[in-house]
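In: just the structure for this:
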Amino acid sequence: MLGIDISGRHEVYGKFLRLYAGILAEISADRVIHVEKIEVHYSESTTQTPKDIIKEVKELMSKIKGNYDYIVCEKGEFFRIPKEHVSSLLGKEVIHPKTLGELELINIAHHVSYSCRKLLLKELDLNNGESE
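Out: Numbering: from 1, shown residues only. The predicted structure is shown next:
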């Protein structure tokens, strides 16, 4: 299963600096059993549309190159577009977490995306420009 999280939905000096994390893992109903791969993808844009997010998630997926049947993410990651529509655009079934294992996978992805984005902002010296 691939868990994804997107950090950076706030404008920073007129731009959106999005950091995507993808965690490819084997999970059970109550836990993450094994993390196989972690990938991140960075995007800088003046827009933040569903089309942007879909395109950038596809770019993240192309980096992962693992075997997985499902993408698990929070409902809001794709602007609350129905998961069936997002699934057809991504070519993988998108689900929202229902088990502890799925929630834990999203939590790991969240920690990776948020931490990497904080490091990026620090490197770019933009911490004070973030408007939430």
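
In: for the chain, what helix or strand is lowest in average pLDDT?
Out: The least trusted helix or strand in the chain, going by mean pLDDT, DSSP states H and E, turns out to be strand 11-12, with a mean of 86.

In: tell me which residues in whichever helix or strand comes after it are buried?
Out: Per DSSP states H and E, the first helix or strand lying C-terminal to strand 11-12 is strand 15-27. By neighbour count, and taking 16 or more other C-beta atoms under 10 Å as the criterion, the buried residues in strand 15-27 are 15-25, 27. C-betas here are computed from N, CA, C, even on glycine.

In: go on, stretch 115-124?
Out: In stretch 115-124, the ones that count as buried by 16+ other C-beta under 10 Å are 116-117, 120-121.

In: if we can go back for a sec, and which of the buried residues of strand 15-27 is nearest residue 54?
Out: The shortest separation between residue 54 and any of the buried residues of strand 15-27 is 11.6 Å, and it belongs to residue 20 (by C-beta to C-beta).

In: what is the longest helix along the chain packed up against?
Out: Counting residues, the longest helix in the chain under DSSP state H turns out to be helix 100-123. The contact analysis (3 or more C-beta pairs under 8 Å, 6 or more residues apart in numbering; DSSP states H and E) places helix 100-123 against strand 2-7, strand 15-27, strand 32-45, strand 70-72.

In: which residues touch that helix?
Out: With contact meaning C-beta atoms under 8 Å, 6 or more residues apart in numbering, helix 100-123 is reached by 1, 3-8, 12, 17, 19-23, 25, 27-33, 35, 38, 40, 42, 72-74, 95, 97, 127, 130.

In: report the distance from it to the chain centre.
Out: 8 Å (C-alpha atoms, centre = their mean, to the nearest Å).

In: same deal with stretch 12-25?
Out: 7 Å.

In: restrict that stretch to CA atoms and write it as CSV.
Out: As requested, C-alpha coordinates have been extracted for stretch 12-25 and formatted as CSV (Å, rounded to 0.1, in the frame of the first residue of the first chain):
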residue,chain,number,x,y,z
VAL,A,12,4.8,31.6,1.2
TYR,A,13,5.8,34.9,-0.4
GLY,A,14,3.2,34.4,-3.1
LYS,A,15,4.1,30.8,-3.9
PHE,A,16,3.0,27.4,-2.8
LEU,A,17,5.9,25.2,-1.7
ARG,A,18,4.4,21.7,-1.6
LEU,A,19,6.2,18.7,-0.2
TYR,A,20,4.8,15.3,-1.1
ALA,A,21,5.7,12.2,0.9
GLY,A,22,5.0,8.7,-0.4
ILE,A,23,5.5,5.7,2.0
LEU,A,24,5.3,2.3,0.4
ALA,A,25,4.6,-0.2,3.1
